[in-house]
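J.: Pasting the sequence and the predicted coordinates here, then a few questions.
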Amino acid sequence: MASPNVLELTDATYDETVAKSPVLLVDFWAPWCGPCKMIAPVIDEIANELVGSVTVAKVNVDETPAVAQANRITAIPSLFIYKNGTLVERSTGLASKGALLEKLKAL
């Protein structure tokens, strides 16, 4: 079950969410992606642990093609970390919870 603390972003809400979030973790994913399913619980745990300090969001690349294209998503899962609207970290593939928490808490 997905965390209620994870936003589902769309083509209409992506830019506004990036702009207004002091720290934002975005998970680009698709329902058919095995590694995306593997990292989903980690994303949910981070969202629950960092409520109030980090905004956590997901972008379904099948449903938001404009956002996926604009961000040059060629492989998923892709994780983006923004600080005050600026992309500060971009990674593709699985990432450990510890590594993600370390990066987010350093911001």
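T.: On my side now, so go ahead. Numbers count the residues shown, from 1 in each chain.

J.: Pick out the residue closest to the middle of the protein.
T.: By CA atoms, centre = their mean, the chain has its centre lying nearest to residue 26, at 1.6 Å.

J.: For that one, list the residues it contacts.
T.: 9, 18, 57, 58, 59, 79, 80, 81, 82 (CB atoms under 8 Å, 6 or more residues apart in numbering). The way it works is simple: take the backbone N, C-alpha and C, and place the C-beta from them, glycine included.

J.: what about 10 Å?
T.: Contacts for residue 26 (CB atoms under 10 Å, 6 or more residues apart in numbering) come out as 7, 9, 14, 17-18, 43, 55-59, 67, 71, 78-82, 87, 90.

J.: Surely it is in a strand?
T.: Yes. Using DSSP: H, G, I helix; E, B strand; the rest coil, the secondary structure at residue 26 is a strand.

J.: give me the beta-bridge partners of it?
T.: When assigned by DSSP bridges, residue 26 has beta-bridge partners residue 57, residue 80.

J.: quick one on the thing from earlier: can you flag the buried ones in the contacts of residue 26?
T.: 7, 9, 14, 17-18, 43, 55-59, 67, 71, 78-82 (16 or more other CB atoms under 10 Å).

J.: what about residue 24, neighbour count?
T.: The number of residues packed near residue 24 is 25, by other CB atoms under 10 Å.

J.: From residue 34, how far off is it?
T.: 25 Å (CB to CB, to the nearest Å).

J.: Can you give me the neighbour number for residue 105?
T.: Look at residue 105: counted by other CB under 10 Å, it has 11 neighbours.

J.: Sorry, slip of the keys, the one I care about is residue 86.
T.: 8.

J.: where are the low-confidence patches of the protein?
T.: 1 (pLDDT under 70).

J.: Do you have the helices of it handy? List them.
T.: Using DSSP state H, the helices found in the chain span residues 14-20, 34-49, 65-70, 97-105.

J.: and the shortest one, what does it pack onto?
T.: Read that as helix 65-70. With contacts taken as 3 or more CB pairs under 10 Å, 6 or more residues apart in numbering; DSSP states H and E, helix 65-70 sits against helix 14-20, strand 23-29, strand 55-60.
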